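In: turn this into a model:
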Amino acid sequence: MPDLNKIKITVIGATGYTGLDLIYLLTKHPKVKIVSLCARKNLGKDISFFDKRIKKKLPKLISEKHIDWNNLDLVFLSLPNGEAQKIIKRKYHKFKKVKFIDLSADFRITNPDTYFRNYKIKHKAKDLINKSIYSISEFSKEKIKNFRIIANPGCYPTSIQLPLIPLILDNLINIKDITIDSKSGYSGAGKNLEKKFKHKNLYSSTFAYNTKNHRHMCEMQQEIFKITKKKIIFSFNPHLLPTYRGILSSIYLKPKNKITAKKIRESLKNYYKKFKFIKILKLNSQLGSGNVLNTNNCEISVCETSVKNKIVIFSAIDNLVKGASGQAIQNMNLLYNLPENLGLK
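Out: All right, here's what the predicted structure looks like:
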């Protein structure tokens, strides 16, 4: 007898770094049935060929044209930018019970002109943008159930918005002078890493890039304004690290009106007291990405600096989990009224 209570899903883009992490996590989720796995190459192969962690017997890789859309509840799209929008445009109105969680940038940006400026792709599904929701789970859990298209956020923006937004809402910081320095493992660049980054000693050096206009900046500006109704002014300096996974963001701030670092930590602690995945450390705690690897957690540490009236907030996530596949599953849990941490413990 089939389990009628299980969510029937497919993953399109199964063999990328994010797709493989997603499938691995989904095999541990008690309320999921993986109906199909899709790729463009290696059709007919077992997914365990690409990731030895995946022990569960799963359907072999098929092409998108062989998906049985009538037998689906939810589709995860882990594709290069520009591809998910084409599939969703073709299927959204035809299969009205199917929901979509897109792990690319296709539905993150509400203005198609802004999307084009940053991604150099003309949007093929403009009419569906307003039918989607950008979802950092902690900020959208009350609204997400009203949508069938979920835009999963970028990894850098997740690590940055989680500590920043509560402080802006509490009016505790100067929003006109923020410096953000983020470092990511190379899996964040995907399997085409060597085409995107050609610097010397790629796998044994640290590399700064796109400091003037990284494409995640527009995403952060849009969402922070949407939630706080305030426009922040910030510089964003991303770095690629010679490590596979993990992000550490360092956010340099000036508190308002003699607000102390202790007060800022208390604000974050209070905001996230009911959220399972956000961990606010003790004041002035040292922090790296080590504790959060292979988890859906975000660890945040508020630290004083040697400069008067300047603090730094460290925020650590796993870019492939809370920054991508784990948050996608967290969003799925919210969509289907399941415990937020189901399958992610």
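
In: and Ser315, what element?
Out: Here Ser315, judged by DSSP states H and E, is contained in strand 311-317.

In: quick one: distance of that strand to the chain centre.
Out: 17 Å (Cα atoms, centre = their mean, to the nearest Å).

In: go on, stretch 73-90?
Out: Per Cα atoms, centre = their mean, the displacement of stretch 73-90 from the mean C-alpha position of its chain is 16 Å.

In: setting aside sequence neighbours, what's the nearest residue to Arg148?
Out: Leaving out its chain neighbours, the residue that sits closest to Arg148 by Cβ to Cβ, 6 or more residues apart in numbering is Lys99, at 4.7 Å. Quick note: C-beta positions are derived from backbone N, CA and C, even for glycine.

In: wait, that neighbour touches Val75, no?
Out: Yes. Between Lys99 and Val75 a contact is recorded at 7.4 Å, counting by Cβ atoms under 8 Å.

In: so these two - more neighbours on which side?
Out: Val75 (26 against 21; other Cβ atoms under 10 Å).

In: re earlier: would you list the strands that the strand holding Ser315 pairs with, along with their directions?
Out: Applying DSSP bridges, strand 311-317 is found paired with strand 247-253 (antiparallel), strand 298-304 (antiparallel).

In: so where is this protein shaky, pLDDT-wise?
Out: 1-4, 188-200, 202 (pLDDT under 70).

In: domain-wise, how is it divided?
Out: 7-153+323-335, 156-318 (automatic domain parsing).

In: show the subsequent helix or strand relative to the strand holding Ser315.
Out: From strand 311-317, the next helix or strand downstream (DSSP H and E) is helix 326-335.

In: which elements pack onto that following helix?
Out: Applying 3 or more Cβ pairs under 8 Å, 6 or more residues apart in numbering; DSSP states H and E, one finds that helix 326-335 makes contact with helix 17-26, strand 74-77, strand 99-102, helix 137-140, strand 149-151.

In: as CSV, could you dump the C-alpha coordinates of that helix?
Out: Extracted in CSV, the C-alpha atoms of helix 326-335 (Å, rounded to 0.1, in the frame of the first residue of the first chain):
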residue,chain,number,x,y,z
GLY,A,326,18.5,22.5,4.1
GLN,A,327,16.6,25.8,3.8
ALA,A,328,14.7,24.3,0.8
ILE,A,329,13.6,21.4,3.0
GLN,A,330,12.8,23.8,5.9
ASN,A,331,10.6,25.7,3.4
MET,A,332,9.0,22.5,2.3
ASN,A,333,8.1,21.7,5.9
LEU,A,334,6.5,25.0,6.3
LEU,A,335,4.5,24.6,3.1
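
In: which residues touch it?
Out: 7, 21-22, 25-26, 29, 74, 76, 99, 101, 103, 135-137, 140-141, 144-145, 150, 152-153, 158, 277, 295-296, 318, 320-321, 338-344 (Cβ atoms under 8 Å, 6 or more residues apart in numbering).

In: can you map out the helices along this structure?
Out: When assigned using DSSP state H, the helices of the chain occupy the ranges 17-26, 84-91, 112-119, 126-129, 137-140, 155-169, 193-196, 216-228, 261-271, 326-335.

In: let's have those helices in a markdown table, adding mean neighbour count.
Out: As requested, these are exported to a markdown table (neighbours: other Cβ atoms under 10 Å):
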| stretch | mean neighbour count |
| --- | --- |
| helix 17-26 | 24 |
| helix 84-91 | 20 |
| helix 112-119 | 16 |
| helix 126-129 | 15 |
| helix 137-140 | 22 |
| helix 155-169 | 24 |
| helix 193-196 | 12 |
| helix 216-228 | 19 |
| helix 261-271 | 18 |
| helix 326-335 | 25 |
